[in-house]
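*Asks:* Dropping a prediction and its sequence here:
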Amino acid sequence: MKPSRFDQFSSSYDELLRDPIRDRFTGNESMFFHRRKVELIRRFFRRRGLSTGRLCYLDVGCGRGELLHLLQSDFKETAGCDVSAEMMRQVSQVPGIETRVQPDPLKIPFGDAEFDLVTAVCVYHHVAPADRGTLTGEIKRVLRPGGIFCMIEHNPLNPVTKLIVSRTPVDADAILLPASEARRLAAEAGLAPLEQVYFLYFPQGLHRYVGHMEALLAKLPLGGQYAVFSGKA
């Protein structure tokens, strides 16, 4: 198997992500972004009155597994896959989290209808636009009937996000996609629209005091990132 270019980034990934604007936003606390995504996913299930304790969860492009670590106790089973074995080295040693390398970035190395939730967090901007439909079809394949796909991406309508991405080495190949494309990809794969939210309006220092206000801004397309939820009928 050809090594992923992310294998080269694994030992210095945090350093490669460093950016003065990004660091000020997080207060130099790298888990801030991951915790925000966890909050968003948990709220989605709470709003629908759904318990996740019996559900199986897969994170596509899981990298070092931060999201899997934070959500492991929420789900019956958790799993991750990534094109980079080196990036997954840390999470692959965690009991109860199954990890598999993707020899082909457009094929998910799990069987049909295995998962109730699949996330792809900041994955699609590394996928060529012509290949994004293929990946979305694979995600639908591994979802169970009634399963949910959550795509989280950088928001290209946010100028600060675009600036940070443009000067981040690991995003040298990034082609950002708007939420409208995320919705279209899900629809073309046969997934039904459920919810779309924008988030990451406030830096960590401010979020702890006024974070509840983000719910009022969720439809305003200016947050640093967005999430599009869709479901398999």
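*Replies:* Right, received. Where do you want to start? Numbering: from 1, shown residues only.
*Asks:* The biggest strand by length in the chain pairs with which strands?
*Replies:* If each strand of the chain is counted by residues according to DSSP state E, the longest one is strand 143-154. Strands flanking strand 143-154 in the sheet, each with its direction: strand 115-121 (parallel), strand 225-232 (antiparallel) (DSSP bridges).
*Asks:* Highest mean neighbour count out of the ones you listed?
*Replies:* Neighbour counts averaged per stretch over those are highest for strand 115-121, at a mean of 24; criterion: mean count of other CB atoms under 10 Å. In this view, the C-beta of every residue, glycine as well, is placed from N, C-alpha and C.
*Asks:* tell me the average confidence for it?
*Replies:* Rounded to a whole number, the mean pLDDT of strand 115-121 is 98.
*Asks:* Show which residues not belonging to that strand make contact with it.
*Replies:* Strand 115-121 is contacted from outside by 37, 41, 52, 55-61, 67, 75, 79, 135, 139, 142-144, 146-152, using CB atoms under 8 Å, 6 or more residues apart in numbering.
*Asks:* would TSV of the strands paired with strand 143-154 with distance to R100 be doable?
*Replies:* Formatted as TSV, the strands paired with strand 143-154 follow (distance: least, CB to CB, whole Å):
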stretch	distance to R100
strand 115-121	13
strand 225-232	21
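*Asks:* To F33, which of the ones you listed lies closest?
*Replies:* strand 225-232 (8.1 Å; CB to CB).
*Asks:* what's the distance between the closest one and the middle of its chain?
*Replies:* Relative to its chain's centre, strand 225-232 lies at 10 Å (CA atoms, centre = their mean, to the nearest Å).
*Asks:* pLDDT (mean, whole number) over that strand?
*Replies:* 98.
*Asks:* Skip the chain neighbours and tell me the closest residue to K140.
*Replies:* Using CB to CB, 6 or more residues apart in numbering and skipping the chain neighbours, the partner closest in space to K140 is A189 (4.7 Å).
*Asks:* which stretches of the protein form helices?
*Replies:* In the chain, helices defined by DSSP state H lie at 5-9, 13-17, 20-26, 32-47, 66-71, 132-142, 159-166, 179-188, 204-210, 214-217, listed in chain order.
*Asks:* Pull out the buried positions in the longest strand of the chain.
*Replies:* By 16 or more other CB atoms under 10 Å, the buried positions in strand 143-154 come out as L143, R144, G147, I148, F149, C150, M151, I152, E153, H154.
*Asks:* go on, stretch 34-49?
*Replies:* Result for stretch 34-49 [16+ other CB under 10 Å]: buried residues H34, R36, K37, V38, L40, I41, F44.
*Asks:* got it, and stretch 19-29?
*Replies:* Of the residues in stretch 19-29, those scored as buried under the neighbour-count criterion (16+ other CB under 10 Å) are R22, F25, T26.
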